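Asker: Fold the following.
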Amino acid sequence: FFNYLVASKSGFKYEDVDGSGGLTADDLPIQGWQITLTGIDGQGNTVGPLTTSTLADGSYSFTDLAPGSYTVTEETRTGWVATTL
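Answerer: The predicted model follows:
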């Protein structure tokens with residue numbers, strides 16, 4: 001018999017108010033931003049695309065995921081520029 005624990009993938013979406021590329025006290029959570037998860041589970045099955053929207057605190061979550069390799073992407077919106085460290 002083989003068993004595995006289901007997993008989840010979660011995070012937060014913020015407006016990088018100061019353009020630092022990292023989370024600071026000035027940054028604001030963004031509600032209603034579409035987040036997508038795709039991947040391959042450990043059995044080789046395609047997963048997704050699964051979509052969700054960020055909540056009022058900027059959070060998002062995908063639950064009940066089998067072990068595997070997953071990618072999370074966000075929608076692009078005109079006028080917004082991605083920042084990173």
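Asker: contacts and neighbour counts: CA atoms only from here.
Answerer: Will do.
Asker: I'd like the distance between residue 73 and residue 5.
Answerer: Remark: distance between residue 73 and residue 5 (Cα to Cα, to the nearest Å) = 24 Å.
Asker: who has more neighbours, those two?
Answerer: Applying other Cα atoms under 10 Å to residue 73 and residue 5 shows that residue 73 carries more neighbours, namely 11 against 8.
Asker: in the protein, which ranges drop under the pLDDT threshold?
Answerer: 85 (pLDDT under 70).
Asker: Nearest to the spatial middle of the protein, which residue is it?
Answerer: What sits nearest the mean C-alpha location of the chain, by Cα atoms, centre = their mean, is residue 72, with 4.8 Å.
Asker: I'd like to know how far residue 6 sits from residue 20.
Answerer: Where residue 20 is concerned, residue 6 sits at a distance of 35 Å (Cα to Cα).
Asker: What of residue 43?
Answerer: 40 Å.
Asker: between the two, which one's more packed in?
Answerer: When residue 43 and residue 20 are compared on other Cα under 10 Å, the one with more neighbours turns out to be residue 20, at 12 against 9.
Asker: does the more buried one really touch residue 83, like I thought?
Answerer: Yes. Applying Cα atoms under 8 Å, one finds residue 20 in contact with residue 83, separated by 7.5 Å.
Asker: Now for residue 37: which residues touch it?
Answerer: Contact analysis of residue 37 by Cα atoms under 8 Å, 6 or more residues apart in numbering lists 47-51, 62, 70-73.
Asker: and it, what are its bridge partners?
Answerer: Residue 37 has these beta-bridge partners by DSSP bridges: residue 50, residue 72.
Asker: Assign a three-state SS to the residue nearest to residue 83 when sequence neighbours are not counted, would you?
Answerer: Spatially, and ignoring its direct neighbours in sequence, residue 83 is nearest to residue 21 (4.8 Å; Cα to Cα, 6 or more residues apart in numbering). Assigned by DSSP: H, G, I helix; E, B strand; the rest coil, the conformation of residue 21 is coil.
Asker: cool, and residue 56?
Answerer: What three-state DSSP gives for residue 56 is coil.
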